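Novice: Here is a sequence with its predicted model. Questions after.
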Amino acid sequence: MKDISARKRIWGWYWFDWASQPYHTLLLTFVFGPFFAAVGAEYFLAQGLTEEAADAKAQSVWSWGLAAAGLIVGFGAPIMGALADTAGRVRPWVAFFALLYVVGAGSLWWTQPDGSNLWAMIVMFALGFIGAEFALVFTNSQLPSLADKDEVGEISGSGFAFGYVGGLIALAIMLVFFAEQPNGKTLVGLDPGFGLLDPAMREGTRMVGPFVALWFLVFMIPYALWVKDLPNPGQKHSLSAALSILGRSIRGLRNKRSLASYLGGSMFYRDALNGLYGFGGVYAGLVLDWSIVSIGIFGIIAGVAAALFSWLGGRIDGKHGPKPVIIGAILVLIAVCILIINMTREAIFGIALPPDSSLPDAIFFGCGMLIGGMGGTLQAASRSMMVRHADPNAPTESFGLYGLSGRATAFMAPALIAWFTTMTGSARLGVSPLIGLFLLGLILLIWVKPDGEH
């Protein structure tokens, strides 16, 4: 540890974001999620449902899968954070959940285009998603040890920006060399996988799972080399001790109004943001009928905006603190949700459009920039705000609560979307509950102190 400079340790921590981001960029949002929804819609259409009903059914399956994964993460994160604190070690836990990440992502290669194994594949996606989210809880807990409190906002923003650049490059590689268009060629006219993959079986698109797994394994190397633990040999892992720590942490919230309000508020607005990430690409595919390649281009634009705005947000955070950054990002995302819900191929806010109008496509590309940009900014500023509230003597425990607040209701957005989609029979109207979740988060921020409890 003493041979590794502080700067190198920070960069090693950045590389985790670079390595892990493609699970969210490529699998959750822009490639596998829309592909899964399209396969599901075709499967249910073949069973005799109408196109709108098949779209709604496919979105519901995706929603319930994300909801189940969110339940596991929400209830597991604080317990494991407390377990890690009893031994003071993070790296073994990151390694274990990295294994889940790789196995879950790699298994998505076997997704069948006929939809015959939809449920098996949503289970494997959830396994990798759980690994990605739990690993993030542990690496987030290392942030306070990287620099002084006044610097963590900029480091957090830079880390997210670096991660989004990684996701952007991974997405670009996927579109250029693997994902097939309806004509069987990639974005630049190449045969998928240099001619080794069968476009008729969608092997180019299915390659996204193994590609993300390999990307993670390669780019985790700097983290493994440069970010070391400072273990406490006087403590051992103990489930009872972990549960005791967790209970103490939750009870302690009664005397920490700002922290309790922040955890509650972030619980709602981060759930809504994850809903946007999980259903933005699905919306484009089911409502606007975009191809995977078009959704990928949309993702590149969103990724550029996310990287830029995360970096800019970190700079603003460094000067003015994270709270105004969080509030501004939420307000923009609420406006985006209202626009998306009131837009179809035929009309925007009830105003009819000419046949074959490209205006919905242009508007949604703009929405993608705002979702990516404000989403990255919101995540980075939220992580910075948590540092201001974290107990310096038990950062993993504190970030376990942060993980709990971000995931305890992670089932809520997918479940509400599934319910609204079923009730309205519309994939478009199904995303409307996200507005309410953002508003709840915004209201609870009223009682959050900009500089934390200290």
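Specialist: Yes, it's here.
Novice: need the helices for the stretch 351-454 of the chain, in chain order.
Specialist: 359-389, 395-407, 412-424, 433-444 (DSSP state H, counting those that start in this stretch).
Novice: ok, and which of these has the densest surroundings?
Specialist: Highest mean neighbour count of the helices of the stretch 351-454 of the chain: helix 395-407, a mean of 27 (counted as mean count of other C-beta atoms under 10 Å). (Glycine included, C-beta is placed from N, CA and C.)
Novice: pLDDT of it, averaged?
Specialist: Taken as a whole, helix 395-407 has a mean pLDDT of 68.
Novice: same check, this time on stretch 185-196
Specialist: 94.
Novice: next SSE after the host helix or strand of Pro324?
Specialist: Pro324 is part of helix 322-341 when elements are defined by DSSP states H and E. As assigned by DSSP H and E, the chain's next helix or strand after helix 322-341 is strand 347-348.
Novice: so what does that next one touch, helix or strand wise?
Specialist: Strand 347-348 sits against helix 359-389, with contacts defined as 3 or more C-beta pairs under 8 Å, 6 or more residues apart in numbering; DSSP states H and E.
Novice: Quick one: work out the angle between the helix it packs on and helix 433-444.
Specialist: 30 degrees (axes from the mean of the first three to the mean of the last three C-alpha atoms, to 10 degrees).
Novice: Helix 322-341 and helix 359-389, what's the angle between them?
Specialist: Inter-element angle recorded for helix 359-389 and helix 322-341: 160 degrees (by the same axes, to 10 degrees).
Novice: Can you work out which other helices and strands pack against helix 359-389?
Specialist: helix 149-177, helix 257-286, helix 292-320, helix 322-341, strand 347-348, helix 395-407.
Novice: The same query, at a cut-off of 7 Å, please.
Specialist: helix 149-177, helix 257-286, helix 292-320, helix 322-341 (3 or more C-beta pairs under 7 Å, 6 or more residues apart in numbering; DSSP states H and E).
Novice: if we can go back for a sec, the helices of the stretch 351-454 of the chain into CSV, with extra columns for distance to Leu273?
Specialist: Output for the helices of the stretch 351-454 of the chain, formatted as CSV (distance: least, C-beta to C-beta, whole Å):
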stretch, distance to Leu273
helix 359-389, 5
helix 395-407, 9
helix 412-424, 9
helix 433-444, 8
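Novice: Of all these, which one comes closest to Pro34?
Specialist: Smallest distance to Pro34 across those (C-beta to C-beta): 12.8 Å, for helix 359-389.
Novice: Give the rounded mean pLDDT of the closest one.
Specialist: pLDDT averaged over helix 359-389 gives 87.
Novice: next one: it to chain centre, how far?
Specialist: 11 Å (C-alpha atoms, centre = their mean, to the nearest Å).
Novice: quick one: it to helix 149-177, angle?
Specialist: Using the same axes, to 10 degrees: helix 359-389 against helix 149-177 is 150 degrees.
Novice: now helix 359-389 against helix 257-286, angle please.
Specialist: Using the same axes, to 10 degrees: helix 359-389 against helix 257-286 is 160 degrees.
Novice: Contact partners for the residue nearest to Leu136 when sequence neighbours are not counted?
Specialist: Distance criterion C-beta to C-beta, 6 or more residues apart in numbering; nearest residue to Leu136, sequence neighbours excluded, is Ser20 at 6.8 Å. Ser20 makes contact with Ala132, Ala135, Leu136, Phe216, according to C-beta atoms under 7 Å, 6 or more residues apart in numbering.
Novice: Save these as a markdown table, and put in pLDDT, neighbour count and secondary structure too.
Specialist: Formatted as a markdown table, the contacts of Ser20 follow (pLDDT from 0 to 100; neighbours: other C-beta atoms under 10 Å; DSSP: H, G, I helix; E, B strand; the rest coil):
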| residue | pLDDT | neighbour count | secondary structure |
| --- | --- | --- | --- |
| Ala132 | 94 | 26 | helix |
| Ala135 | 91 | 26 | helix |
| Leu136 | 87 | 23 | helix |
| Phe216 | 98 | 26 | helix |
